[in-house]
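[1] sequence and predicted structure are below.
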Amino acid sequence: MELDHKQELKAAAWREARRDGMFAGLTSGLVGALVGSKFMGFGRNKTIISGALTALLSGYFFTQAFLSSNMAQLRSKSVSSDTETDPWPRE
């Protein structure tokens, strides 16, 4: 039972990281396309390519960062729950 609960928590952390990373990638891609077209004077094709590459790369890196953060929170909660229930905490 405990193993299933940990697997569910990890799956939830992955889902949240993917959702947040996808949103961050989408917004970064839109900003990248806007900067490419307005400030750098790219044409239509270069603007689309720059927006897509910006979205892909930033989405990937944001997803990795959010996943790392979520896993650290899970580890922190696991350690704090272990020390709360254990009358003699490990040092």
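    Thanks, I have it.

[2] how far off centre is the lowest-mean-pLDDT helix or strand in the chain?
    Using mean pLDDT, DSSP states H and E, the weakest-scoring helix or strand in the chain turns out to be helix 44-85, at a mean of 89. A distance of 2 Å separates the centroid of the chain from that of helix 44-85, by C-alpha atoms, centre = their mean, to the nearest Å.

[3] which other helices and strands contact that helix?
    helix 2-34 (3 or more C-beta pairs under 8 Å, 6 or more residues apart in numbering; DSSP states H and E). (Glycine included, C-beta is placed from N, CA and C.)

[4] now the helix it packs on: buried residues?
    Going by neighbour count (16 or more other C-beta atoms under 10 Å), the buried part of helix 2-34 is Leu9, Ala13, Ala17, Asp20, Gly21, Ala24, Gly25, Ser28, Gly29, Gly32, Ala33.

[5] let me have the residues you listed in a markdown table, extended by pLDDT and distance to Met71.
    Shown next, in a markdown table, are these (pLDDT from 0 to 100; distance: C-beta to C-beta, whole Å):
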| residue | pLDDT | distance to Met71 |
| --- | --- | --- |
| Leu9 | 88 | 10 |
| Ala13 | 92 | 6 |
| Ala17 | 95 | 9 |
| Asp20 | 95 | 14 |
| Gly21 | 96 | 14 |
| Ala24 | 96 | 18 |
| Gly25 | 96 | 20 |
| Ser28 | 96 | 23 |
| Gly29 | 95 | 26 |
| Gly32 | 93 | 28 |
| Ala33 | 94 | 32 |
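
[6] which members of those are the farthest-apart pair?
    Leu9 and Ala33 (36.3 Å; C-beta to C-beta).

[7] now for the nearest residue to Leu67 once chain neighbours are set aside: which residues touch it?
    Computed as C-beta to C-beta, 6 or more residues apart in numbering, the closest residue to Leu67 that is not its neighbour in sequence is Ala17, at 3.8 Å. By C-beta atoms under 8 Å, 6 or more residues apart in numbering, the contact set of Ala17 is Thr63, Gln64, Phe66, Leu67, Ser69, Asn70.
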